[in-house]
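Undergrad: Requesting a structural model of the entry that follows:
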Amino acid sequence: MRRATRCFRFLTVLACAVVVQAAPAPTSSATLIVSGGTVVTMDAAKRVLSPGAVAIRGTDIVAVGPPAEIRKGSPNATVIDATGSVVIPGLINTHTHAPMVMYRGLADDIALMDWLQKYIFPAEAKTVAPAFVRTGTRLAALEMIRSGTTTYADMYYFEEEIARVTRDAGLRGVLGQSVIQFPAPDAKTPAEALARAERFISAFKGDPLITPAVAPHSMYLLDKGDLLACRDLAIKYGVPVLIHVAETETEVKTSQERYQATPVGYLDSIGFWAPVTVAAHGVWVTDADIAVLQRHKVGVSHNPESNMKLASGTAPVVKYLASGVPVGLGTDGAASNNDLDLFEAMRQAAFLHKLATRDPRAVPASTALEMATIGGARVLGMDKQIGSLEPGKRADLVIVGMRQARQTPLYDAVSHLVYTTRGDDVDTVIVNGKVLMRDKRVLTMNETAVLTEARRMSSSVRDAVAGAVKQ
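TA: The predicted model follows:
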């Protein structure tokens, strides 16, 4: 009898344990709810909830659903009313050079190689220093927060300064320390740059907002040994590689003359690809190149505005998507765009490929929005954490106002986001569960101080660039 009683108690406890383990996480623990707006989830089913609500606990999304259901389960949560607005995943900029906002408008209407060699590289030699990088990154972070970007990928110098500013602003960054063949502002040789990259990776690996990366500039500004050293460093620490690939016809010609291969073909021949590699631009590629990128799961950052402004060409985005190559959107640096507004990048991407293919269905609004959200997350190898509004993902989301005359009437939220919305329509930005901007008021930065410092530095930049160009 005692044995039977003990067995009964044991089975009862076991059953209770099973019930506890199987119970779903209670939404009553949500601390913040965004409620009442049209929620564009960008999940696998592409659900649009109108109205919808997103429940957040700490850094994560815990529920997405009808407002009454979500709010009933979390009576003590802070509620942000998004009625009349559209709620979307935070936008993801897969390629930029944040501090280069300080060169905005200095050298326009010039082909890429002349732009780089006659203006940008000399200007950087004269101006880039830690203070310049901090000032430029603060300005870029302010612009990105105000226009709904929550994650960005960066390639530049003194990347540790960029990381600190990015983290202080509350943004998420995939930040690559640049490696280039000639003396750079922060390293005289590729070997020095690699050493800097390793220190940078070690300092920020595991940071909740910063993903460190290594950023070899391109196959034409590094030799085989340095390219492979960058790859090896990325593999050693399990971080991404960011690189410019096949941006111009000149790059392809250089590659053919040196290696009798396309840029993609050459990089493939030396075994360059890391587990997460982001190829910026990817304009001048063959069908064989696309197959290589697909096979190695290389993500492509499409930069339509920069490519058009510099007359670099039109990336074969429709072919990439059809082949299963991950494609995200990038702005490139503001020196060649001239802004960091991903809403504008979405619109231009949609228009460009309709025109190039003479097919209005080539890149519809839904595809453009996907490239700016979950597509960008796939490119960065972060689609399990960000890019859509789903339970278990990081709470990175944006509330977009839809009250302007040009946004009225509103029939299709996705169409409006791509074809009528601008960055300054963004009302509220949340990253990692933290509110960075509420009702157009930036909470994590002193906007007046950021603008004042950028304007002060611009005069010295203008003088230094004028001197550099004359030489």
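
Undergrad: count of neighbours near the nearest residue to residue 157 once chain neighbours are set aside?
TA: The shortest distance from residue 157 to any residue other than its chain neighbours is 4.4 Å, reached at residue 186 (Cβ to Cβ, 6 or more residues apart in numbering). No exception for glycine: its C-beta is placed from N, CA and C like everyone else's. Using other Cβ atoms under 10 Å, residue 186 is surrounded by 20 other residues.

Undergrad: Next: the one 3 residues further on.
TA: Counted by other Cβ under 10 Å, the residues lying close to residue 189 total 15.

Undergrad: list the contacts for the residue nearest to residue 157?
TA: Contact analysis of residue 186 by Cβ atoms under 8 Å, 6 or more residues apart in numbering lists 128, 157, 158, 193, 196.

Undergrad: out of those residues, who has the most neighbours?
TA: These, ranked by neighbours (other Cβ under 10 Å): first place residue 193, 28 neighbours.

Undergrad: Which of the three states applies to that residue?
TA: helix (DSSP: H, G, I helix; E, B strand; the rest coil).

Undergrad: right, and it touches residue 176 too?
TA: No: contact status for residue 193 versus residue 176: not in contact, 10.9 Å apart, counting by Cβ atoms under 8 Å.

Undergrad: re the thing from before, tell me the spacing between the residue nearest to residue 157 and residue 159.
TA: Distance, residue 186 to residue 159, by Cβ to Cβ, to the nearest Å: 8 Å.

Undergrad: OK, contacts around the closest residue in space to residue 38 that isn't next to it in sequence?
TA: If the residues on either side of it in the chain are set aside, residue 38 comes closest to residue 50, at 4.3 Å by Cβ to Cβ, 6+ apart. Neighbouring residues of residue 50 by Cβ under 8 Å, 6+ apart: 38, 39, 413.

Undergrad: Could you check how many residues crowd around residue 258?
TA: 12.

Undergrad: next one: the one 3 residues further on
TA: Residue 261 is flanked by 17 other residues according to other Cβ under 10 Å.

Undergrad: just residue 383 next, same as before
TA: 18.

Undergrad: Residue 402 too?
TA: Neighbour tally, residue 402, other Cβ under 10 Å: 21.

Undergrad: Quick check: the gap between it and residue 438.
TA: 17 Å.

Undergrad: same deal with residue 57?
TA: 19 Å.

Undergrad: So for these two, which residue has more residues nearby?
TA: Per other Cβ under 10 Å, whichever of residue 57 and residue 438 has more neighbours is residue 57, with 20 against 14.

Undergrad: Can you tell me the closest non-neighbouring residue to residue 46?
TA: That would be residue 366: by Cβ to Cβ, 6+ apart, it lies 7.1 Å from residue 46.

Undergrad: How about residues contacting whichever strand or helix holds that neighbour?
TA: Using DSSP states H and E, residue 366 maps to helix 365-372. By Cβ under 8 Å, 6+ apart, the surrounding residues in contact with helix 365-372 are 40, 42, 46, 88, 91-92, 302, 321, 327-329, 342, 345-347, 349-350, 412, 414-415, 417-419.

Undergrad: Skip ahead from it and say which helix or strand is next.
TA: Following helix 365-372 in sequence, per DSSP H and E, is helix 374-379.
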